[in-house]
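1. Below is the sequence, then the predicted model.
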Amino acid sequence: MSWAQGQPAIEFGSGLDAQQQIHAAQALAKSVVSSGAPQWRAKGDQHRRYYFPAADAQMPYRLYVPTSWDGKSQLPLMVFLHGAGADENRYVDANDKQLIRLAEQHGYILVAPLGYSPMGAYGTPLRLPAVFGNRQAAAQQRAGVDAERRRILELSEKDVINVLEIVLHEYPVDRSSVFLTGHSMGSGGTWYLGAKYFQYWAAIAPISGPFVDELNYPWNNIRNMPIFMSEGTGAAPSLAGSRAMAAWMKERGFKLEYLEVAADHGGMVPLVLPRIFDFFDRCRKGLHP
């Protein structure tokens, strides 16, 4: 199936055409990735930048490549989207660089884009209280998007796809093992980009952020995609929405695994990250829900 044959653009999102953005990101990646660059296919923890023409700015992203990599074998790739107010580094550095340690242990390339802005939201305007089931809040938030906010949403979405294509052009990534995850605002981005750019992802893992308007979402795009959804029992603002969404999806036969942990919204992250890597490993072996 081609990109054009997928569901229409998600109504609550930026309005960018997915196929056009893919082509633009691929062209950009070809222009910035060079086999003669000093950092070409480097290993370890890296603070990278690229020139983002639409923003007329150098855009940072964090990259980790396992030190155990032999320099030629294909590797799985995890894209991690940060929460609101954070940047490409905060989650990667948190908990004694837990994400890096897990990426090394499991043999994954890890990339964390900024998404243009700490509040960029990766293309979707939905945030608390617009959790699954609260259509009134979702409608109000969509209606409140002005021209400047729309510009930021579009740049945030573009930045993620740009960074993804840059990594895909530089490293020998196993294209059947590209995964997307993120926390809070990054969870909303995971749901949004996961469905809009569905053909990239082998599986997605949204963490504590059920920011989906069920009547304006291309469910068929993720119908057969393994999904690991997690929530903290102390994350009161989003817990009810996550439970409702998980029940709704399971009733309709989605390939969903839902986990709750005894922690608040932020405290749950280090508890679920090992489970997410394990889930992605199982997906690579065909052992998903």
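-> Looks like it arrived, so ask away. Numbering: from 1, shown residues only.
2. isn't residue 16 right up against residue 156?
-> No - with contacts counted by CB atoms under 8 Å, residue 16 stays clear of residue 156, the gap being 10.4 Å. Bear in mind the C-beta positions are built from the backbone N, C-alpha and C, glycine included.
3. list the residues that contact both of those two?
-> Each of residue 123 lies in contact with both residue 16 and residue 156 under the rule CB atoms under 8 Å, 6 or more residues apart in numbering.
4. The two - which one has more neighbours?
-> residue 156 (26 against 17; other CB atoms under 10 Å).
5. so that one touches residue 117, yeah?
-> Yes - shown here, residue 156 and residue 117 form a contact pair, counting by CB under 8 Å, at 6.2 Å.
6. Any chance you could list what contacts the helix or strand bottoming out on mean pLDDT in the chain?
-> Using mean pLDDT, DSSP states H and E, the weakest-scoring helix or strand in the chain turns out to be helix 135-143, at a mean of 89. Here helix 135-143 makes contact (CB under 8 Å, 6+ apart) with 11, 12, 125, 126, 127, 129, 130, 131, 213, 214, 215, 216.
7. Are we agreed that the fifth one is in a helix?
-> This points to residue 127. No - with DSSP: H, G, I helix; E, B strand; the rest coil as the criterion, residue 127 is assigned coil and is not in a helix.
8. what are the ranges of the strands in the chain?
-> 44-52, 57-65, 75-81, 109-113, 173-183, 203-207, 227-232, 256-261 (DSSP state E).
9. Now do the longest one against strand 227-232, angle only.
-> So that's strand 173-183. 30 degrees (axes from the mean of the first three to the mean of the last three CA atoms, to 10 degrees).
10. Which strands or helices does strand 173-183 pack on?
-> Secondary-structure packing of strand 173-183 (3 or more CB pairs under 8 Å, 6 or more residues apart in numbering; DSSP states H and E): strand 75-81, helix 147-170, helix 185-196, strand 203-207, helix 269-284.
11. mind running it again at 10 Å?
-> strand 75-81, helix 90-106, strand 109-113, helix 147-170, helix 185-196, strand 203-207, strand 227-232, helix 269-284 (3 or more CB pairs under 10 Å, 6 or more residues apart in numbering; DSSP states H and E).
12. go on, the second one?
-> Secondary structure elements in contact with strand 57-65, counted by 3+ CB pairs under 10 Å, 6+ apart, are strand 44-52, strand 75-81, helix 90-106, strand 109-113, helix 147-170.
13. just for the stretch 151-289 of the chain, where's the confidence low?
-> Applying pLDDT under 70 to the stretch 151-289 of the chain flags the ranges 289.
14. The same query, at a cut-off of 90, please.
-> 213-216, 236-237, 286-289 (pLDDT under 90).
15. count of neighbours near the residue nearest to residue 222 when sequence neighbours are not counted?
-> Once flanking residues are discounted, residue 222 sits nearest to residue 195: 5.2 Å by CB to CB, 6 or more residues apart in numbering. Neighbourhood size, residue 195 [other CB under 10 Å]: 24.
16. cool, residue 70 as well?
-> Residue 70: 7 neighbours (other CB under 10 Å).
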